[in-house]
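*Asks:* Predicted structure and sequence below. I'll ask about it afterward.
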Amino acid sequence: MRQGWLLVALMATATVAQVPSELTEVLQQLQSPDNALRLQAMERAPKLGATLIPHLVPLLTHQDWRVQRAAQIVLETIAARATKTNAKDRQEVINALLTLTKPDRPLPVRKVALQTLSICATDDAVPSLATLLSDESLRSDALATLKQIGSPAAAKAVANAAVNAKGAWLRDLLATLGEMRRPEGVPILLTMLKSGDPETKAVAAMALGRIGDAKAVAALADAVRQGVPTAFDALVRTGDLLLQRGQVSLAADAFERALQLAKDEHQRCAALLGLGKTGTAKALPLLVSALDAPELTVRQAAFDALVAYRHQEASRGLKEMWKRANLTQRGMLLRVFVARKEPTTPQLLRQSATDPNPEMRTTALTLMGELDDPTFEPVLWEAAMKGSDTIKNVALRSYLNIAERRARKGETAQARAMFERALQLTEQNHLLELRDRALSGLAFLGDPQSLPLIERYLQQTNPPREALLAAIAIAETLMRQGKKTDATALAWRVLSLRPPRDVGNRASQLLVRLGEDPSAIPRSQGFLCHWWLLGPLPNPDNRAFDQAFIDETSLAPLRLETVRVDNRLLSWREIRIADPQGVVDLTQFFRQTEWVACYAYTEFVVDSDMDAELRIGSDDSVKVWLNGQLVHQFGGMRGLTVDQDRVRARLRKGVNRLLLKVTQSGGGWEFCVRLVDLQGNPIAYHETSP
């Protein structure tokens, strides 16, 4: 019944000839309760264009929200299609939508029409939209549409409306002018920046910062002096925008004013960085003067700005600044010269390396190490030989920097000579950190010619870790050269010194590649190195510690069994480890390494019955059975330490069977076992046959 009355209303607004049958059908389908029919109509309707728009009015206020939304979508689609058609068709759509904004239309229709106009409206719509800016119920929608048009005419309309506006509406208009970024908004914004209330001044300043007009620079500077909170950021932003447009001198003026007015570190940094980007001659002394600012952030900003500074006479200007700079500024300028790779940098560094001021000498010697310039080597070496303790330390660091750079470039002979030379000097002056750096350099090279020097360290009671690594690197080089006998002897030598685990593992891996059995070393210390592993086993909340997955007290050779756990058939996995401390890293053998557990089983033979100690380390919990008897347990989380648990035990002549269960929550997962007598001496044992 309602559809019939609606159709009558439509016919009242047009003759039958003016409402083609297709249009009538589309309108009926748009109101249909059938979703499929309505969707079909929504696809057909936009093709009718401007002709359809006046007939959508009743649908836009329909009692069914689905019909309202369908009409809105059709309207938006017509507007979008109009932007891709000819000017005449587009204007017809715009005119039809403007008709819907007239006062005789329902307010919801007028608002929808304005929102739709934002899609397709052109300057021709500006006068009508400008009029609506005085209509309190529609002005926000009209303003949004003018903003979307974004033309000079649209900006002028918004600016004109702002002349007589008040309060929040005035601020909305001013903010929109900033978002439109049109110069037409500048005059009214300047007026409001000068005469508005504090809140309005803040909005005007922000809007001017978005436009970036040169005429606003002086006014924004005045606003900063008056304490307008957004004025400083707007001034800096104006400088950035002027710079983007190529108005360099005007941008420099904005940044210079900002620097003069800056009240805190953040503001000074922003102004300095902006000045650096301008690359103007007058910016240079301002940047250099900030190099000795009391605030670190300001000094860093000035440094960054000088590094980025680009001017055709930049090099000459910096040299002039150097002559006039104070001591602190010169130190920072040296860093600037290095970062910019200025041609005069080597000369200035050499000159400063003999400066009477220790701080300047230290800076120059430090910076020499940052450059790839071998000509600095004699300067650094002389300073390292003759300087004070501080100078000696700095010079040697830079000397080693150059040596490391040479090593990476493949200049092996030169680098080796430098490392060896530095090594002797560090020993004489007890500079242990630098000694280790020199040894690390020799380890990087792995040159057998360094072996006599490294041998001196291998003869010490506790050789430096870096010396052991250098020896391994040399052994690896000897192997590559085909000198396997010498390589093997050197690797065994390192392993015999009981090095740190990572170093020992590297030596062990080298011995394996050389065809040797490195487990002889840990076995000689009583470590058990031949194991069978079963896992991973589930360990929720560490419950595996008390759960028996196998017969843990069995006297049979467990390695021959298979075990079913959670529908998985597990077999024992044989391993032989060469870790110098006998540590079994279980994360190397199992893919799952969190909230799990495993069994570790071994058999060993001793020649007689004896009392002994089992020295055990584990990460995390561990249980131990010897010949079927539970002899030890630790339940908790910990990292492994060799010999952390000591368990008195009785070994029997012949085969002894040892079973461990090691649980894991997360992180490291490992264990080790050592056999010693009651005096702590390693027990000689034999391994059983596989």
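*Replies:* Received, thanks. These numbers come from a predicted model, not from an experiment.
*Asks:* Could you list the buried residues of the helix or strand containing Thr131?
*Replies:* Using DSSP states H and E, Thr131 sits in helix 126-132. Buried residues in helix 126-132, counted by 16 or more other Cβ atoms under 10 Å: 126, 128-130, 132. For every residue, glycine as well, the C-beta is placed using N, CA and C.
*Asks:* Can you tell me which of these is nearest Ala142?
*Replies:* The nearest member of the buried residues of helix 126-132 to Ala142, counting by Cβ to Cβ, is Leu132 at 3.9 Å.
*Asks:* residues contacting the closest one?
*Replies:* Leu132 is in contact with 101, 114, 138-139, 141-142, counting by Cβ atoms under 8 Å, 6 or more residues apart in numbering.
*Asks:* Next step: the residues you listed restricted to helices.
*Replies:* Per DSSP state H, helices hold the following members of these: 114, 139, 141-142.
*Asks:* Now for these: which two are most distant?
*Replies:* Top of the distance list for the ones in helices among the contacts of Leu132 (Cβ to Cβ): Leu114 and Arg139, 9.8 Å.
*Asks:* in the stretch 351-500 of the chain, which spans are helices?
*Replies:* All helices of the stretch 351-500 of the chain, identified by DSSP state H, counting those that start in this stretch, fall at 358-368, 377-386, 389-408, 412-429, 432-445, 451-458, 465-480, 484-496.
*Asks:* For Gln244, which of these is the nearest?
*Replies:* Using Cβ to Cβ, these put helix 358-368 closest to Gln244, at 34.3 Å.
*Asks:* Identify the residues contacting the closest one?
*Replies:* 327, 330-331, 334-335, 338, 348-355, 376, 379-380, 383, 387-388, 390-391, 394-395, 397-398, 402.
*Asks:* Could you turn the buried ones of these into a PyMOL selection?
*Replies:* Restricted to buried positions by 16+ other Cβ under 10 Å, the PyMOL selection for these reads:
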select buried, resi 330+331+334+335+338+348+349+352+353+355+376+379+380+383+387+391+394+395+397+398+402
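*Asks:* Okay, now the unreliable bits of the stretch 1-150 of the chain?
*Replies:* 1-20 (pLDDT under 70).
*Asks:* Turn the helices of the stretch 351-500 of the chain into TSV, columns for mean pLDDT and distance to Gln40.
*Replies:* Listed next are the helices of the stretch 351-500 of the chain as TSV, based on pLDDT from 0 to 100; distance: least, Cβ to Cβ, whole Å:
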stretch	mean pLDDT	distance to Gln40
helix 358-368	95	76
helix 377-386	94	84
helix 389-408	95	71
helix 412-429	93	80
helix 432-445	95	75
helix 451-458	94	87
helix 465-480	96	78
helix 484-496	92	83
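*Asks:* Of all the ones you listed, which one is nearest Asp253?
*Replies:* Going by Cβ to Cβ, the one of those nearest Asp253 is helix 358-368, 34.2 Å.
*Asks:* Off-centre distance for the closest one?
*Replies:* For helix 358-368, the separation from the chain centroid amounts to 32 Å (computed by Cα atoms, centre = their mean, to the nearest Å).
*Asks:* could you check the angle helix 389-408 makes with that helix?
*Replies:* 10 degrees (axes from the mean of the first three to the mean of the last three Cα atoms, to 10 degrees).
*Asks:* Now the nearest residue to Gly635 once chain neighbours are set aside, what are its backbone angles?
*Replies:* Leaving aside its sequence neighbours, Gly635 sits nearest to Ser621 (Cβ to Cβ, 6 or more residues apart in numbering; 4.9 Å). Dihedral pair for Ser621: phi -70, psi 160, per degrees, to the nearest 10.
*Asks:* how about Ser621, what does it touch?
*Replies:* 542, 545, 633-637, 662-663.
*Asks:* which pair in the residues you listed spans the largest distance?
*Replies:* Longest span within those, Cβ to Cβ: Gln633 and Met637, 14.4 Å.
*Asks:* buried residues in stretch 212-221?
*Replies:* Going by neighbour count (16+ other Cβ under 10 Å), the buried part of stretch 212-221 is 212-214, 216-217, 219-221.
*Asks:* And those, which is closest to Arg650?
*Replies:* Checking the buried residues of stretch 212-221 against Arg650 by Cβ to Cβ gives Gly212 as the nearest, at 90.1 Å.
*Asks:* Give me the pLDDT value at the closest residue to the closest one other than its chain neighbours.
*Replies:* Excluding the flanking residues, the one nearest Gly212 by Cβ to Cβ, 6+ apart is Leu241, at 2.6 Å. The per-residue pLDDT reported for Leu241 equals 96.
*Asks:* Tell me which residues are up against the helix or strand harbouring Leu241.
*Replies:* When elements are assigned from DSSP H and E, Leu241 belongs to helix 231-244. Taking contacts as Cβ under 8 Å, 6+ apart, the residues outside helix 231-244 that touch it are 201-202, 205-206, 208-214, 216-217, 220-221, 223-224, 248, 250-252, 254-255, 257-258, 261-262, 267, 270-271, 274, 277-278.
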